[in-house]
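Trainee: Sharing a model prediction with you, sequence too.
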Amino acid sequence: MNKIKNFFMSYIDAIAVNIREHRDNMPQIFKLSIADLKKTYTGAALGWAWAVIKPIVTIFVYWFAIAIGLRQNSAVEGVPYILWLICGIVPWFFMGEAITGGTECIRRYSYLVTKMKYPVTTIPTFNNLSKLVVHAIISAVVIIIFWFAGYPPSIYLLQLPLYMLMMFMLMNAWSLFAGLVSAMSKDFANLVKSLNIAVFWLSGILWNIENVKDNELIYSILMLNPVTFICYGYRNCFIYETWFFDQPKRCLYFLFWYALMALMSMWAYKKLRKEIPDVL
């Protein structure tokens, strides 16, 4: 019993430290996220315009390859494919970058840990927060695109910030875990980069998962994917007009993955926090 008690107490202590470090360093988190944004776009002639140009070019390439090259341009459940693609791929721009970028965030800001004794747990937070600002700008552009395409904003868009928050929390937990493990071994970062493309193709971003609904096993496995939950959540806001609480099972799947990822991040922090400064 004592071992079990000590086990849970150690995790509770790690969570308490995480919360306390975020609370005590909130001003620095916002300042560093702004600095990260400026660092990303400073020096480019078009500056912040690249935040919109890059995803537009990516969307056009995927649309051209699938709709024109493969001639798969039929409407998806009555919605033009290009619109269906846009609201599914926009959250992936954030998540895809967070999945790979999370493995590099602590090494990228190693000087904060080694020279300034800055809390490790807050590094993924400000790193992802800067990306979330860009994501919010792109999402606003998507709302305008849908409006001009004949899909004016509806009451279902009120849940969009909730999906953004869930996406941010999941990617933040992942980034802390991946950043700590990758700081100890670069092989893990290389593995994640290799698997990232698989996550993209299996998340129903470019194709409708409902097409495989006849195969219950494959369909169930694909729907367990938290990336799929977020991408289809955005489509619920823009296209399907469905509230998140109308899909309780999918919400429970997501909460399971978040809880698991948070537990893994706390495990990595508890095990590696004393070794990270020496490794970096």
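Mentor: Structure's in. What do you need?
Trainee: When you work out contacts or count neighbours from here on, use the C-alpha atoms and nothing else.
Mentor: OK.
Trainee: mind listing what's buried in stretch 194-209?
Mentor: By neighbour count, with 16 or more other C-alpha atoms under 10 Å as the criterion, the buried positions of stretch 194-209 are 199, 200, 202, 203, 204, 205, 206, 207, 209.
Trainee: Packing partners of the strand or helix carrying the first one?
Mentor: Residue 199 belongs to helix 186-201 when assigned by DSSP states H and E. For helix 186-201, the contact count by 3 or more C-alpha pairs under 8 Å, 6 or more residues apart in numbering; DSSP states H and E identifies helix 81-101, helix 160-184 as packing neighbours.
Trainee: which element follows it toward the C-terminus?
Mentor: Next element after helix 186-201 (DSSP H and E): helix 216-223.
Trainee: Against which helices or strands is the helix or strand following that following helix packed?
Mentor: With elements assigned by DSSP H and E, the helix or strand that comes after helix 216-223 is helix 226-235. Helices and strands touching helix 226-235, by 3+ C-alpha pairs under 8 Å, 6+ apart, are helix 81-101, helix 160-184, helix 248-272.
Trainee: which residues touch helix 226-235?
Mentor: Contacts to helix 226-235, defined as C-alpha atoms under 8 Å, 6 or more residues apart in numbering, come from residues 84, 87-89, 91-92, 95, 160, 163, 167, 199, 203-205, 222-223, 241, 244, 250-251, 253-254, 257.
Trainee: Now, of the residues you listed, which are buried?
Mentor: For those, a burial check counting by 16+ other C-alpha under 10 Å picks out 84, 87-89, 91-92, 95, 160, 163, 167, 199, 203-205, 222-223, 244, 250-251, 253-254.
Trainee: Might one say that residue 269 is in contact with residue 180?
Mentor: Yes. If you go by C-alpha atoms under 8 Å, residue 269 and residue 180 touch, sitting 7.0 Å apart.
Trainee: which one of those two has more residues nearby?
Mentor: More crowded of residue 269 and residue 180, by other C-alpha atoms under 10 Å: residue 180, with 27 against 24.
Trainee: My read is that residue 105 contacts residue 124, right?
Mentor: Yes. Judged on C-alpha under 8 Å, residue 105 makes contact with residue 124 at a distance of 6.3 Å.
Trainee: Now list whatever residues contact both of those two.
Mentor: Here residue 105 and residue 124 have 175, 179 as joint contacts, going by C-alpha under 8 Å, 6+ apart.
Trainee: the more surrounded of these two?
Mentor: More crowded of residue 105 and residue 124, by other C-alpha under 10 Å: residue 124, with 28 against 25.
Trainee: If you count neighbours, what's buried in stretch 94-101?
Mentor: For stretch 94-101, a neighbour-count test (16+ other C-alpha under 10 Å) marks 94, 95, 96, 98, 99, 100, 101 as buried.
Trainee: should've said stretch 231-250
Mentor: For stretch 231-250, a neighbour-count test (16+ other C-alpha under 10 Å) marks 231-239, 242-244, 250 as buried.
Trainee: Ok, stretch 211-227 next?
Mentor: Neighbour-count burial for stretch 211-227 flags 222, 223, 224, 225, 226, 227 (criterion: 16+ other C-alpha under 10 Å).
Trainee: quick one: the last one and residue 250, what's the gap?
Mentor: With distances taken as C-alpha to C-alpha, to the nearest Å, residue 227 is found 11 Å from residue 250.
Trainee: What of residue 19?
Mentor: Separation of residue 19 from residue 250 (C-alpha to C-alpha) stands at 27 Å.
Trainee: Next: residue 16.
Mentor: Between residue 16 and residue 250 the computed distance is 29 Å (C-alpha to C-alpha).
Trainee: of all the buried residues of stretch 211-227, which comes closest to residue 273?
Mentor: Residue 273 lies nearest to residue 226 out of the buried residues of stretch 211-227, by C-alpha to C-alpha, at 27.3 Å.
Trainee: how much space between the closest one and residue 174?
Mentor: Look at residue 226 and residue 174: by C-alpha to C-alpha, they are 12 Å apart.
Trainee: With residue 191 instead?
Mentor: To residue 174, residue 191 is 14 Å away according to C-alpha to C-alpha.
Trainee: okay, the two: which has more neighbours?
Mentor: Set residue 191 next to residue 174 and count neighbours by other C-alpha under 10 Å: residue 174 wins out with 23 against 12.
Trainee: Many thanks, have a good one.
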